[in-house]
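Undergrad: Need coordinates for the following:
(2 chains)
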2 protein chains.
Amino acid sequence: MRYLDAEAVENIAIGAAFLGTGGGGDPYIGKMMALSAIKETGPVRLLSIEEVSDDDFFIPAAMMGAPSVLIEKFPKGDEFVRVFDKLSRYLGVENITGTYPMEAGGVNSMIPFVVAAKLGIPLLDCDGMGRAFPELQMTTFNLGGISATPMAITDEKGNIGISETIDNKWTERLARVQTVEMGASSLISIYPSTGKQLKDHGVHNIITFSEKIGEIIRSNELEEAVKLANLLELIGGYELFEGKIVDVIRRVESGFNFGEATIEGLNKDIGSEIKVFFQNENLIAEKDGQPVAMTPDLICMVDLETLMPVTTEALKYGKRVRVLALPCDQKWRTDEGIKTVGPKYFGYNLDYVPVEKLATGGHADV
Amino acid sequence: MRYLDAEAVENIAIGAAFLGTGGGGDPYIGKMMALSAIKETGPVRLLSIEEVSDDDFFIPAAMMGAPSVLIEKFPKGDEFVRVFDKLSRYLGVENITGTYPMEAGGVNSMIPFVVAAKLGIPLLDCDGMGRAFPELQMTTFNLGGISATPMAITDEKGNIGISETIDNKWTERLARVQTVEMGASSLISIYPSTGKQLKDHGVHNIITFSEKIGEIIRSNELEEAVKLANLLELIGGYELFEGKIVDVIRRVESGFNFGEATIEGLNKDIGSEIKVFFQNENLIAEKDGQPVAMTPDLICMVDLETLMPVTTEALKYGKRVRVLALPCDQKWRTDEGIKTVGPKYFGYNLDYVPVEKLATGGHADV
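TA: Below is the predicted model of the structure:
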């Protein structure tokens, strides 16, 4: 039986922000919330998927909306428990086994810590994406036929609601318009799930995977080159580029952060320019006009020296970054997975090609 | 004890559409729904406010959104009962005494008939406006401090939700964005209320008042001039204008029908031109550039000959109409009432002047 303490929180926040592929919120804000919660209540118990019974019952809590808004609209802290409680009372489930993160991300991996700490329940080592994605139907649960609703939604002012929808795309639509009206961010509890559903359709060990990533990134003992090599080995990933951000275009629209970053190469050998397109999360990386990684594979920007993850809202002119990429969970690489979160869904006229092929010189058909 | 039969439905639909001041939906669609419901189940019992006990409990059901959409997106019929049931189950109230209309209007006075008929409960002779208004916080209940929530909302596809908000303006905001997303119309159950609350803060006898108006308008025995005189006497109202519609500007935006109609005088003695501005409901009437009636007083357009009410979605070039006006319920004529539904709330830079003064030659200060 393992308990997650402050050191674990620090590592998980950084690793989850890395897997958040630019989205999922600022890890500094996330970890401050989680640290403050476990300071009050003590460490949070981590439950591995192997410890779960089929009829256990879990409810997550997450932030929805434009991550950039969170910086100015800091949560009060009671929202997470309020939305979790609302959904559990609505469902009439007496004993909630535990909570889990909806996605990997600096904030969205941390909110379940707050819920777990405040309610004294365990945190399950599983999520519904294995990364972050901008829309609610973009989960491996959805691919497995699990309903996103009943869903609860609240804001920091105290408005609260329940939705039950005819499909998970409608959950996204109705939650999105409420989120925009609430000020471009909200808190949600969604995809209430049994142990069996999480075993069959979740992405497992995401918290411990985040933790290992965070441990490497936060290590002070390793040389830069060794850290990078260790990180790439752990994640089975690639370095696509290193360079300096020379342009960032962004806008907040429909409750999302949209934009693109242009990065100029420091090392001419690996290409002269890369563009990363995002919608909360990084979706497409194009090197000199050719796609080199695309959703659902993970495109992660990190600080050139420290390897600390750089979220899309923190992109700015002059920042020196590395662009890394790694393969997504296999659940995403089905026809249905690619239809749900592949490049075409986001409006890019590209057939999905796995990063393993692209990053090693294969070509995408445009 | 009185039961409302098909003949009563016909009269109430017309009278309520008249009091709907252009909004509240097409009375033909409304009455077809109500007639079909009572054909199945028999007449609906009408409950007068005097028969109500303080701890009785009532839930209304209504359509929200742009009335023009209803014509193309005809309700299936199960939506009204679904939304009513949802709210009553959410509230955990076992015995709902009855239902009541939120506002007077061709459709919104009829939906509670369908609910009453299908559930075998009475219909209370009371509403929350004494006319129709476009937004959810625009009720005499709101002026009386009654919460609009918990509210249930559904669409014809089967999506359903509950909202609990920090105030009634937030109810409007969150219901509106969902309504727009649902296709510019939705069904809601809102302002669940006790008998005491309805006695203290409702507009009473609105159904029987609608019925009397409908009886006059539908009468085949009276001459046109006598009908008009009888109608004006019953409502304590004024004829502002008679003329031909020469221009209609309209748009559907944010789930409302916005627009203005220009009517050219047939009789030069009563002025050369009148403009009626609307947001679902008629809000301001300006004769030759001078306001002659303004919200919250009622501005009602009727067919020149038949006196049948003309809803804003039915306005069209060449139609010959009379523009009538009558005083609103006294509850609206408080400072808070005028702040909530007066001309300034709707963006017109006019101080409210009662129609009794304006229509008899008094002036509004612009």
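Undergrad: Pretty sure residue A:187 sits in a helix.
TA: No: judged by DSSP: H, G, I helix; E, B strand; the rest coil, residue A:187 forms no part of a helix; its state is strand.
Undergrad: That one and residue A:60, how far apart?
TA: 11 Å (CB to CB, to the nearest Å). C-betas here are computed from N, CA, C, even on glycine.
Undergrad: Kindly report the same for residue A:1.
TA: Distance from residue A:1 to residue A:60, by CB to CB: 21 Å.
Undergrad: between the two, which one's more packed in?
TA: residue A:60 (29 against 8; other CB atoms under 10 Å in any protein chain shown).
Undergrad: so who does residue A:292 touch?
TA: Counting by CB atoms under 8 Å, 6 or more residues apart in numbering or on different chains, residue A:292 makes contact with A:240-241, A:274, A:285-286, A:325, A:355, A:358-359.
Undergrad: Give the buried residues for the helix or strand harbouring it.
TA: Assigned by DSSP states H and E, residue A:292 belongs to strand A:290-294. Using 16 or more other CB atoms under 10 Å in any protein chain shown as the test for burial, strand A:290-294 gives A:291-294.
Undergrad: now, which of the residues you listed sits nearest chain B?
TA: Taking CB to the nearest CB as the measure, chain B sits nearest to residue A:294 out of the buried residues of strand A:290-294, at 29.2 Å.
Undergrad: The closest one: what's it in contact with?
TA: Residues counted as contacts of residue A:294 (CB under 8 Å, 6+ apart) are A:283-285, A:342-343, A:348, A:350, A:352-353, A:355, A:358, A:364.
Undergrad: who does it bridge with?
TA: Legend: beta-bridge partners of residue A:294 under DSSP bridges are residue A:284.
Undergrad: any chance of the buried residues of strand A:290-294 in JSON lines, plus pLDDT?
TA: Below are the buried residues of strand A:290-294 laid out as JSON lines (pLDDT from 0 to 100):
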{"residue": "A:291", "pLDDT": "96"}
{"residue": "A:292", "pLDDT": "96"}
{"residue": "A:293", "pLDDT": "97"}
{"residue": "A:294", "pLDDT": "98"}
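Undergrad: In the stretch 51-200 of chain A, where is pLDDT below threshold?
TA: When residues are selected by pLDDT under 70, those of the stretch 51-200 of chain A lie in A:68-75.
Undergrad: Chain B contacts on that one?
TA: The stretch 51-200 of chain A has residues A:90, A:157-166, A:170, A:173-174, A:177-178, A:180-182 near chain B, with proximity defined as CB under 8 Å from any CB of the partner chain.
Undergrad: Likewise for the stretch 251-366 of chain A?
TA: Counting by CB under 8 Å from any CB, the stretch 251-366 of chain A has no residue next to chain B.
Undergrad: the helices in the stretch 251-366 of chain A, which residues?
TA: Using DSSP state H, counting those that start in this stretch, the helices assigned to the stretch 251-366 of chain A run over residues A:335-341, A:355-358.
Undergrad: Mean neighbour count for those helices - can I get that in a markdown table?
TA: Listed next are the helices of the stretch 251-366 of chain A as a markdown table, based on neighbours: other CB atoms under 10 Å in any protein chain shown:
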| stretch | mean neighbour count |
| --- | --- |
| helix A:335-341 | 17 |
| helix A:355-358 | 19 |
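Undergrad: Quick one: closest of the ones you listed to residue A:216.
TA: Smallest distance to residue A:216 across the helices of the stretch 251-366 of chain A (CB to CB): 19.8 Å, for helix A:355-358.
Undergrad: Now do that closest one: which elements does it pack against?
TA: Applying 3 or more CB pairs under 8 Å, 6 or more residues apart in numbering or on different chains; DSSP states H and E, one finds that helix A:355-358 contacts strand A:290-294.
Undergrad: Only the C-alpha atoms, please, for the strand it packs on, written as PDB.
TA: Extracted in PDB, the C-alpha atoms of strand A:290-294 (Å, rounded to 0.1, in the frame of the first residue of the first chain):
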ATOM      1  CA  GLN A 290       6.400  18.600 -43.200                       C
ATOM      2  CA  PRO A 291       4.500  17.000 -40.300                       C
ATOM      3  CA  VAL A 292       6.800  15.200 -37.900                       C
ATOM      4  CA  ALA A 293       4.300  14.400 -35.200                       C
ATOM      5  CA  MET A 294       0.600  14.500 -35.000                       C
END
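Undergrad: Next, the residue nearest in space to the middle of chain A: phi, psi?
TA: What sits nearest the mean C-alpha location of chain A, by CA atoms, centre = their mean, is residue A:132, with 2.7 Å. The phi/psi pair for residue A:132 (degrees, to the nearest 10) reads phi -120, psi 150.
Undergrad: can you pull the contacts of the closest residue in space to it that isn't next to it in sequence?
TA: Closest residue to residue A:132 apart from its sequence neighbours, by CB to CB, 6 or more residues apart in numbering or on different chains: residue A:24 at 3.7 Å. Taking CB under 8 Å, 6+ apart, we find residue A:24 in contact with A:16-17, A:67, A:103-109, A:132, A:280-281, A:311.
Undergrad: same thing but at 7 Å, please
TA: Going by CB atoms under 7 Å, 6 or more residues apart in numbering or on different chains, residue A:24 touches A:16-17, A:103-108, A:132.
Undergrad: and it, helix, strand or coil?
TA: Put simply, residue A:24 is coil when judged by three-state DSSP.
Undergrad: For residue A:354, grab the count of nearby residues.
TA: For residue A:354, the neighbour count with other CB under 10 Å is 15.
Undergrad: meant to ask about residue A:317, not that
TA: Residues contacting residue A:317 under the criterion other CB under 10 Å number 11.
Undergrad: Does it touch residue A:245 like I think?
TA: Yes: with contact defined as CB atoms under 7 Å, residue A:317 and residue A:245 form a contacting pair (5.9 Å).
Undergrad: Would you mark the buried spots in stretch A:199-212?
TA: Of the residues in stretch A:199-212, A:199, A:201-212 count as buried by neighbour count, 16+ other CB under 10 Å.
Undergrad: Dump it to CSV, restricted to CA.
TA: Presented in CSV, the C-alpha positions along stretch A:199-212 are these (Å, rounded to 0.1, in the frame of the first residue of the first chain):
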residue,chain,number,x,y,z
LYS,A,199,-9.8,-1.8,-15.9
ASP,A,200,-11.2,-2.4,-19.4
HIS,A,201,-11.0,1.1,-20.8
GLY,A,202,-8.7,3.3,-18.7
VAL,A,203,-5.1,4.2,-19.3
HIS,A,204,-3.3,2.5,-16.4
ASN,A,205,-0.4,3.5,-14.3
ILE,A,206,-0.5,7.1,-15.6
ILE,A,207,0.2,8.6,-12.1
THR,A,208,3.3,6.5,-11.5
PHE,A,209,4.4,7.1,-15.1
SER,A,210,4.1,10.8,-14.5
GLU,A,211,6.0,10.4,-11.3
LYS,A,212,8.9,8.7,-13.1
